[in-house]
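1. Sharing a model that was predicted from the sequence below.
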Amino acid sequence: MKPLSPALQAHLDEATTTLAWCWRITRADGVTFGFTDHDRTLSFDGTDFEPESGLTASEVRSGSDLSVDAQDAEGVLTSDRITETDILDGRWDNAEVEVWRVNWSDTSQRVLMRRGAIGQIRRGRLAFVAEVRSLAHVLAQTVGRTFQASCDAALGDARCGVDLEDPTFTGAGAVVDLLRDRAFTASGLSGFEAAWFTFGTIEWTSGANAGRRAEVLGHDVTDGVAILSLLEAPVRSIADGDAFAIRAGCDKRIETCGAKFANTANFRGFPHIPGQDTILRYATKDGGHDGGVL
């Protein structure tokens, strides 16, 4: 049961109520938005909640079994503050959400109904539906290490220890010629061998995608010209001359950890665990029971 202020409780006890829903959404980039289904702007806690903003909510569902409760918020893509490009660009992914029930005639009378995060976003031509997941979704996330041959650390994090700001592992360049929507030739990378940036990250420093990051799927060199392929095409088109910073990638193998990064001591995998074919092995006269592929 949620505690209510005496003033709000007294208002709820009246025959007629003046209640509205308010959503405060804080994106990962720190930008805060306020929306309400009321017909005028409501303000509290330093946030203005815009009316007729294109957001409507389903019922709030809550359970006692620690399952992930969810509420849907529907919106139109023509809203000035919610654009299709930003949704496709991932700016709203996992944004923090507060759902309030407010007395619109006196916003000091309010109660926080739930906190959560934006989950799945389903898009149509003119509208979207965003799932607002409760904090219970955090309990469903995998915690702990994975017993596997490859490394489970993220390159450059505290467990890995590699300094990606070292000039050996970072470069800067610009798009020379766009080959496909996610592949292009680049300048400024002549000092790096092929595949050095494969599985790495690229951060755009100019152009329509400035400030956005993407994963590098492949790094090839043909006749001295670097060719980069991204895992996914950016929402905003890449243009000739767009500048970027790029960081080396890792395929998570212990051989790469030692040869490329001299970081075998921090390898976070188990390279000597038996292979999957071990359970299929049978006794032979010549031995060879080393866990390798049959």
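-> Here it is on my side, so go on.
2. residues contacting T264?
-> For T264, the contact set (Cβ atoms under 8 Å, 6 or more residues apart in numbering) comprises I254, C257, G258. Every C-beta, even on glycine, is put in place using the N, C-alpha and C of the backbone.
3. now those: which count as buried?
-> When neighbours are counted using 16 or more other Cβ atoms under 10 Å, these contain these buried positions: I254, C257.
4. ok, the contacts of T264 vs S105, which is closest?
-> Of all those, S105 sits closest to C257, with 63.1 Å by Cβ to Cβ.
5. Contacts only, for that closest one.
-> C151, C250, N263, T264, N266, F267.
6. So for the residue nearest to D89 when sequence neighbours are not counted, what's the pLDDT?
-> Distances taken as Cβ to Cβ, 6 or more residues apart in numbering place V235 nearest to D89, at 4.4 Å, with adjacent residues excluded. Model confidence at V235, expressed as pLDDT, equals 82.
7. and if you look at G34?
-> Taking G34 on its own, its pLDDT is 87.
8. Mind listing the residues bridging to it?
-> R24 (DSSP bridges).
9. wait, what's in contact with it?
-> C22, W23, R24, I25, L42, T47, D48, F49, E50.
10. want to throw the residues you listed into a markdown table with distance to I87, neighbour count and pLDDT?
-> Below are these laid out as a markdown table (distance: Cβ to Cβ, whole Å; neighbours: other Cβ atoms under 10 Å; pLDDT from 0 to 100):
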| residue | distance to I87 | neighbour count | pLDDT |
| --- | --- | --- | --- |
| C22 | 21 | 26 | 88 |
| W23 | 16 | 22 | 85 |
| R24 | 18 | 21 | 89 |
| I25 | 12 | 24 | 86 |
| L42 | 24 | 21 | 93 |
| T47 | 21 | 18 | 92 |
| D48 | 22 | 14 | 92 |
| F49 | 20 | 27 | 90 |
| E50 | 18 | 20 | 86 |
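11. Kindly indicate whether T85 is helix, strand or coil.
-> helix (DSSP: H, G, I helix; E, B strand; the rest coil).
12. State the number of residues packed around the nearest residue to it once chain neighbours are set aside.
-> Spatially, and ignoring its direct neighbours in sequence, T85 is nearest to V235 (5.6 Å; Cβ to Cβ, 6+ apart). By other Cβ atoms under 10 Å, 16 other residues sit near V235.
13. what does V132 give?
-> 24.
14. Could you verify that it is part of a strand?
-> Yes. Assessed by three-state DSSP, V132 belongs to a strand.
15. Domain map for the chain?
-> 6-140, 170-247 (the TED database).
16. least reliable of those domains going by mean pLDDT?
-> domain 6-140 (a mean of 76).
17. Only the buried residues of stretch 181-198, if you could.
-> Those would be R182, A183, F184, T185, A186, G188, L189, F192, A195, W196, F197, T198, for stretch 181-198 by 16+ other Cβ under 10 Å.
18. Surely the last one forms part of a helix?
-> Read it as T198. No. Under the criterion used here (three-state DSSP), T198 is coil, not part of a helix.
19. Is it correct that it is in contact with V216?
-> Yes. With contact defined as Cβ atoms under 8 Å, T198 counts as touching V216 (6.3 Å).
20. shared neighbours of those two, which are they?
-> G249.
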